[in-house]
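Student: model this:
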Amino acid sequence: METVAMQTARFTIHPVRAFFVRLSLTALILFFISKVAYAQNQAPAPDSQGMILLKRIADVYGALNSYSDFTELYTETKLPFVTIAQTSTWKVAFSRPDRISVTGGIVWVVSDSQWRWKYIAPLNQFTKQDAPAILDPGMLADIDEQFVTLSGAANVPVMLVQPKPLAYVTEGVKSASVEGAEEVAGKACSVLLINRAQEGRVKAWVGTEDSIIYRVELDLTGGLRKTIRDDSLFELASARAVITHKNVELNQALSDDAFAFKPLPGAREINDVRLQEEPSHQLIGKPAPNFELTGFDGKVFKLSDTAGKPLAICFWRSGELPSGKALETLSGLSERFPQVVFIGINSEPAEKAKIVQEEAQAGGFPTFPDPDRKVQMAYMTQGLPTVFIVAPDGAIKQVILGYRRNMSELIADTLRSLVTNNP
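Tutor: From the prediction side, this is the model:
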């Protein structure tokens with residue numbers, strides 16, 4: 001007992017001494033916190049360095065008065081026992097505020113301040129319109145809708161990869177980091193690794209002196225796998241695209257000839273190269289196929305319950321720009337036409353339910369899963385997205401395949417007539 005008592009007494013600390021011990025420990029902790037904070041302020045984390053570089057890139061492109069290059073696109077698709085590789089080229093030029101030329105590949109866009117031409121090379125057809133007062137050359141956004149929608153109009157496959165480097169490295173960014181340095185097209189470059197919200201990783205080679213993008217590598221595997229139905233091929237499939245910008249010239253005087261529209265011989269002018277409503281669809285004018293689906297929240301939707309009301313159905317796929325644009329368009333229309341029932345239908349596998357739910361929430365109207373594709377096949381969809389407008393009497397009034405700029409107006413005109421005739 002004495003031994004125990006003596007040991008206990010040995011470890012007893014006087015209250016005053018304990019106070020100073022606690023004070024010392026507190027001071028030590030505060031010292032370390034201040035050192036960490038100082039280090040963070042002095043040396044940004046790798047992700048911060050990447051985001052700083054992204055901002056610098058956007059600022060540089062935004063300040064350019066003119067730009068021209070020779071763009072080379074390499075795409076590679078790997079499947080079991082076969083690899084498909086393709087190379088195409090574009091000539092790109094712009095001069096602020098309203099001249100731009102993107103020629104080569106399938107779709108061309110040329111604007112010379114007075115006229116704007118949009119040209120589909122495989123069809124050798126073009127439109128001619130008044131040129132807009134201002135274009136967005138840094139993002140080359142004016143050509144986006146053409147690459148997204150013209151595959152149906154041209155009846156040719158269009159790889160949704162465009163000569164618009166700034167958009168690929170700034171849109172939907174979750175994080176970015178600088179991963180080293182390499183030389184591209186004779187330029188010393190920083191290698192920037194970018195994680196995006198939906199489209200996968202992007203690798204960009206950015207000039208260390210001018211912050212211009214000289215190469216972009218895109219991981220297209222996610223988009224490719226969405227089209228694969230054979231599970232044995234799914235894990236073995238991959239796809240990528242490499243866009244290299246050569247002969248880049250910045251803020252140089254560009255001649256009028258750089259913005260001259262020079263189509264192939266025999267080119268024919270037409271009224272509009274946009275995707276048209278699908279008058280040949282087998283179901284137009286016929287009763288909409290009946291169906292019943294259960295939503296992610298357990299609620300059941302029956303087509304028969306919408307009898308007497310106009311209905312808009314959007315078949316869509318996650319992670320793809322055209323589908324996202326279509327959902328955004330219908331979301332806006334749902335606010336303008338509260339008398340109309342809007343729903344989405346997604347036929348992706350059940351394991352993608354979480355991703356589908358997240359994207360569906362942005363639509364502003366319910367999406368119902370159709371993993372066995374029974375409803376999609378009943379409606380004979382020829383691609384995604386596809387929008388069906390059903391009249392109050394149950395007949396399919398309109399079918400629109402793909403996304404295009406004037407989708408909102410096309411659908412609004414139809415819904416307006418249905419609502420007017422069915423108050």
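Student: tell me the contacts of Ile389?
Tutor: 310-312, 396-399, 411, 414-415, 418 (CB atoms under 8 Å, 6 or more residues apart in numbering). Using the backbone N, CA and C atoms, a C-beta is placed for each residue, glycine as well.
Student: Tell me where the stretch 251-400 of the chain has helices.
Tutor: Remark: helices assigned in the stretch 251-400 of the chain by DSSP state H, counting those that start in this stretch are 321-336, 353-361, 374-378.
Student: who's in contact with the longest one?
Tutor: Think helix 321-336. Here helix 321-336 makes contact (CB under 8 Å, 6+ apart) with 144, 148-149, 160, 312, 314, 316-317, 340, 342, 344, 359-360, 362-365, 384-385, 387, 402-403, 407-408, 411-412, 415.
Student: With the second one instead?
Tutor: Contact partners of helix 353-361, identified using CB under 8 Å, 6+ apart, comprise 198, 296, 318-319, 324, 327, 344, 346, 348, 366-367, 369.
Student: Which members of those are the farthest-apart pair?
Tutor: The distance between the two most remote of the contacts of helix 353-361 (CB to CB) is 20.7 Å, for Gln198 and Pro366.
Student: how far away is the spatially closest residue to Gln398 that is not a sequence neighbour from Glu183?
Tutor: Of all residues not flanking Gln398 in the chain, Ile389 sits nearest, at 4.0 Å (CB to CB, 6 or more residues apart in numbering). Going from Ile389 to Glu183 by CB to CB, to the nearest Å gives 54 Å.
Student: any weak-confidence spans in the stretch 51-200 of the chain?
Tutor: 79-82, 122, 133-165, 197-200 (pLDDT under 70).
Student: what are the ranges of the strands in the stretch 51-200 of the chain?
Tutor: Listed in chain order, the strands of the stretch 51-200 of the chain (DSSP state E, counting those that start in this stretch) span 66-79, 82-95, 99-103, 107-112, 115-120, 125-130, 173-184, 187-196.
Student: Output the contacting helices and strands for the fifth one.
Tutor: Packed against strand 115-120 by the contact rule (3 or more CB pairs under 8 Å, 6 or more residues apart in numbering; DSSP states H and E) you find strand 107-112, strand 125-130, helix 144-154.
Student: so how far is the first one off the chain centroid?
Tutor: Here strand 107-112 is found 22 Å from its chain centre; the criterion is CA atoms, centre = their mean, to the nearest Å.
Student: Packing partners of it?
Tutor: Here strand 107-112 touches strand 99-103, strand 115-120, helix 144-154, going by 3+ CB pairs under 8 Å, 6+ apart.
Student: Run the angle between it and strand 115-120 for me.
Tutor: Taking axes from the mean of the first three to the mean of the last three CA atoms, to 10 degrees, one finds that strand 107-112 is oriented at 170 degrees with respect to strand 115-120.
Student: how far off strand 125-130 does strand 107-112 point, in degrees?
Tutor: Using the same axes, to 10 degrees, one finds that strand 107-112 and strand 125-130 are set 30 degrees apart in direction.
Student: Strand 107-112 vs strand 99-103, what angle?
Tutor: Relative orientation of strand 107-112 versus strand 99-103 (the same axes, to 10 degrees): 150 degrees.
Student: Extract the C-alpha trace of strand 107-112 and format it as CSV.
Tutor: Output in CSV follows, covering the C-alpha atoms of strand 107-112 (Å, rounded to 0.1, in the frame of the first residue of the first chain):
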residue,chain,number,x,y,z
VAL,A,107,-18.8,21.3,-90.4
TRP,A,108,-17.5,24.7,-91.4
VAL,A,109,-18.5,28.1,-89.9
VAL,A,110,-17.3,31.3,-91.6
SER,A,111,-18.3,34.9,-90.8
ASP,A,112,-16.7,37.9,-92.5
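Student: How much space separates Asn195 from Tyr379?
Tutor: 36 Å.
Student: ok, now Ile345?
Tutor: Taking CB to CB, one finds Ile345 at 8 Å from Tyr379.
Student: Pull up the overlap in contacts between those two.
Tutor: Here Ile345 and Tyr379 have 313, 315 as joint contacts, going by CB under 8 Å, 6+ apart.
Student: returning to what we had before: which of Asn195 and Tyr379 has more residues huddled nearby?
Tutor: Ranked by neighbour count (other CB atoms under 10 Å), Asn195 and Tyr379 place Tyr379 first, with 22 against 16.
Student: Backbone torsions only: list them for that one.
Tutor: When read as degrees, to the nearest 10, the backbone of Tyr379 gives phi -90, psi 0.
Student: Do you know the pLDDT at the residue nearest to Thr306 when sequence neighbours are not counted?
Tutor: Using CB to CB, 6+ apart and skipping the chain neighbours, the partner closest in space to Thr306 is Val341 (5.0 Å). Looking at Val341, its pLDDT reads 97.
Student: who are the neighbours in contact with Val341?
Tutor: 306, 309-312.
Student: Pull the distance from stretch 117-126 to the chain's centre.
Tutor: 24 Å.
Student: Now that stretch: buried residues?
Tutor: Judged by neighbour count (16 or more other CB atoms under 10 Å), stretch 117-126 contains these buried residues: 117-121, 123, 125-126.
Student: Report how many residues lie close to the residue nearest to Lys299 when sequence neighbours are not counted.
Tutor: Take Lys299 and drop its neighbours on the chain: the residue closest to it by CB to CB, 6+ apart is Pro366, 7.6 Å away. A count of nearby residues for Pro366, using other CB under 10 Å, gives 18.
Student: swap in the one 10 residues further on?
Tutor: Counted with other CB under 10 Å, the burial measure for Gln376 works out to 17 neighbours.
Student: Quick check on the nearest residue to it once chain neighbours are set aside: phi, psi?
Tutor: Distance criterion CB to CB, 6+ apart; nearest residue to Gln376, sequence neighbours excluded, is Ser347 at 4.8 Å. With angles defined as degrees, to the nearest 10, Ser347 sits at phi -110, psi 20.
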